[in-house]
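Student: When you get a sec, could you give me coordinates for this:
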Amino acid sequence: RMALTLVAAVAATVVFGGLVPEDAGTVKVAWFDRVISPEVGTDICGYEAYQRSVGKISDLHMSGLCVDDGERKTLLVSFDLLGMDAGWIRRLRTGCAGILNVDPAAVLLTCTHTHGGPETYWQPPYEDRGTFNEKYLVALEKQLLEAVRGLSDWRDCAVAYYSIRVDENRNRRYVTADNRGSFTPHRKEMERLAEADGFADKELGVMMFYEKTMKADGPCYVIGNYAAHPLATHSPGVGGLRISSDSPGYFRDYIRDEMGCASMFISGACGDMVPKGDELGRDAARQTGVNLAKGAIAGCVDVLRNPARFIFKKPRTAALSRTFKSKVRNKFRGKLYDGYKDAAEIEMEVQCVAIGDVCFVGVPGEVVSELGQEIKWNSPFAHTY
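Tutor: Just a heads-up that it's a prediction; the model follows:
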């Protein structure tokens, strides 16, 4: 309810687009991309605590895009990380907001949720802080703030959106007749049943930024949004002990190599979504990332040939955030992070950032795809990611 109320509030502040005239409205955009890989030998999040990395499949990246509609700025930053503690998220957002002179609600930080990065949040079941890597986060904060300060090469861009079905995920839970759930990663023989029976959000949401000239060589920046845990590279043996950006990295690489533009991947509501090749290794991650990138490229083809359908007439921006109280499950009582050690309730946040008639909804934790679909279905925006 909180997310839906917030989406509606943001919608009230945005001028929606329709069929676009030749003089399409534009925004100014600038972006950055930084490698944020830890050294091999660093403990990685993986599935358990104290797992030391023994190699690297691909670098981790921090992708940032700032959008300025002339009145308001918004900043979206995607990290190839599993997640972050709420305190660190607030700290990084506040720092970025101060540099850009905007409200922290206009800074949306998201993690791709790769399991091949360092431990950047404390997982409550562990009695101690496990391998929580505060040193890495301090360095990451410095990198982020330097990147935001260095934003330059602003470009006047038209903004387009697209939505396409890509069949690269499945539900990882199978619910039996007695309303009990089987977790398919622990029962591989159940996967076909779960795929046939379980809900899966197959929408690849795409946002594209075209320089004002609308040259036929495509966009200068692409955002992709899809729901699937990036854990295909996490195969048994050394597979799960290698630093990896997983499928989001292959998505960005394919976009860059085929269209020559920068891109960002934002995870959807993937709490119960896995790639079809989960835990099968780097080739499975490559297949997922490349097929998602192909879906984004197909969207770019359609936009270039039907610009009036997909380009916003007035690509305005808006942002809001709201906090709410959430009860703590009994098994986590006394094991939460600092400040909430023995709390019965914790404060959580929902955030919305709109660009044109698309709204990005930021939520804490791993929201299952059914709840994500509820938000999409009830949203007043043309598309909600």
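
Student: Flag every buried residue along the host helix or strand of residue 377.
Tutor: Assigned by DSSP states H and E, residue 377 belongs to helix 369-378. By 16 or more other CB atoms under 10 Å, the buried positions in helix 369-378 come out as 369, 372, 373, 375, 376. Bear in mind the C-beta positions are built from the backbone N, C-alpha and C, glycine included.

Student: Report the separation between the second one and residue 100.
Tutor: Taken as CB to CB, to the nearest Å, the spacing of residue 372 relative to residue 100 amounts to 28 Å.

Student: Please report how far the most centrally placed residue in the chain lies from residue 343.
Tutor: Geometric centre of the chain, nearest residue: residue 266, 2.4 Å, by CA atoms, centre = their mean. Distance of residue 266 to residue 343, computed by CB to CB: 30 Å.

Student: picking that back up, just the CA coordinates for the helix holding residue 377, please, in CSV.
Tutor: Coordinates of the C-alpha atoms in helix 369-378 are reproduced here as CSV (Å, rounded to 0.1, in the frame of the first residue of the first chain):
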residue,chain,number,x,y,z
SER,A,369,7.7,-10.7,-8.3
GLU,A,370,4.0,-11.0,-7.3
LEU,A,371,4.2,-7.9,-5.1
GLY,A,372,6.2,-6.2,-7.8
GLN,A,373,3.5,-6.9,-10.3
GLU,A,374,0.8,-5.5,-7.9
ILE,A,375,2.7,-2.2,-7.9
LYS,A,376,3.1,-2.3,-11.7
TRP,A,377,-0.6,-3.1,-12.3
ASN,A,378,-1.9,-0.4,-10.0
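
Student: which outside residues touch that helix?
Tutor: Residues outside helix 369-378 that contact it (CB atoms under 8 Å, 6 or more residues apart in numbering) are 3-4, 7, 171, 199-201, 203, 227, 268-273, 361, 383-384.

Student: Show me just the buried residues among those residues.
Tutor: Counted by 16+ other CB under 10 Å, the contacts of helix 369-378 give 3-4, 7, 171, 200-201, 203, 227, 268-273, 361, 383-384 as buried.

Student: Among the residues you listed, which are located in strands?
Tutor: Judged by DSSP state E, the buried ones among the contacts of helix 369-378 include 171, 203, 273, 361, 383, 384 as members of strands.

Student: circling back to that earlier point, did I read that right, the residue nearest to the centre of the chain in a strand?
Tutor: Yes: under DSSP: H, G, I helix; E, B strand; the rest coil, residue 266 sits within a strand.

Student: wait, it sits on residue 80?
Tutor: No: in this structure residue 266 lies outside contact range of residue 80 using CB atoms under 8 Å: 11.7 Å.

Student: hey, what's in contact with both of those two?
Tutor: With CB under 8 Å, 6+ apart, residue 266 and residue 80 have common neighbours residue 112.

Student: and stretch 178-185, which residues are buried?
Tutor: Residues of stretch 178-185 classed as buried: residue 184 (neighbour count, 16+ other CB under 10 Å).

Student: From the opening residue of it to its closing one, how far?
Tutor: One end of stretch 178-185 sits 20 Å from the other (CA to CA, to the nearest Å).

Student: neighbouring contacts of it?
Tutor: Around stretch 178-185, the neighbours that count as contacts under CB under 8 Å, 6+ apart are 171, 172, 173, 174, 175, 176, 190, 191, 194, 274, 278, 279.

Student: and it, how far from the chain's centre?
Tutor: Average the C-alpha atoms of stretch 178-185, do the same for its chain, and the two points are 26 Å apart (CA atoms, centre = their mean, to the nearest Å).
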